[in-house]
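Asks: heads up, no residue letters with this:
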């Protein structure tokens with residue numbers, strides 16, 4: 001198998017495309033997380049914290065309680 005400059009350019013292009021796809025996926029995940037966090041805040045304000053916490057699983061509630069107790 002002979003490695004040519006063309007095959008190296010193709011490899012570089014493939015790597016660049018993979019990197020771009022990963023960066024795009026990362027940006028989409030971050031945007032989605034931001035949206036979900038904002039929506040969570042809206043739910044707390046519109047439904048009340050007790051109603052929202054009552055629908056969360058215990059581990060998530062414990063995490064929130066822990067961080068909120070530390071901020072007092």
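Replies: Cool, the structure landed. Worth saying up front: this structure is predicted, and the values here are computed from it rather than measured. Residues are numbered from 1 along each chain as shown.

Asks: which strands and helices sit next to the top helix by length along the chain?
Replies: With secondary structure taken from DSSP state H, the chain has its longest helix at helix 5-47. Helices and strands touching helix 5-47, by 3 or more C-beta pairs under 8 Å, 6 or more residues apart in numbering; DSSP states H and E, are helix 49-54. (Each C-beta comes from the backbone N, C-alpha and C, glycine too.)

Asks: sorry, back to before: would you pull up how far the longest helix of the chain lies from the middle of the chain?
Replies: Centroid separation between helix 5-47 and its chain, computed with C-alpha atoms, centre = their mean, to the nearest Å, is 8 Å.

Asks: show me the residues around residue 40 that make contact.
Replies: For residue 40, the contact set (C-beta atoms under 8 Å, 6 or more residues apart in numbering) comprises residue 52.

Asks: Tell me how far it lies from residue 26.
Replies: Residue 40 sits 21 Å away from residue 26, taking C-beta to C-beta, to the nearest Å as the criterion.
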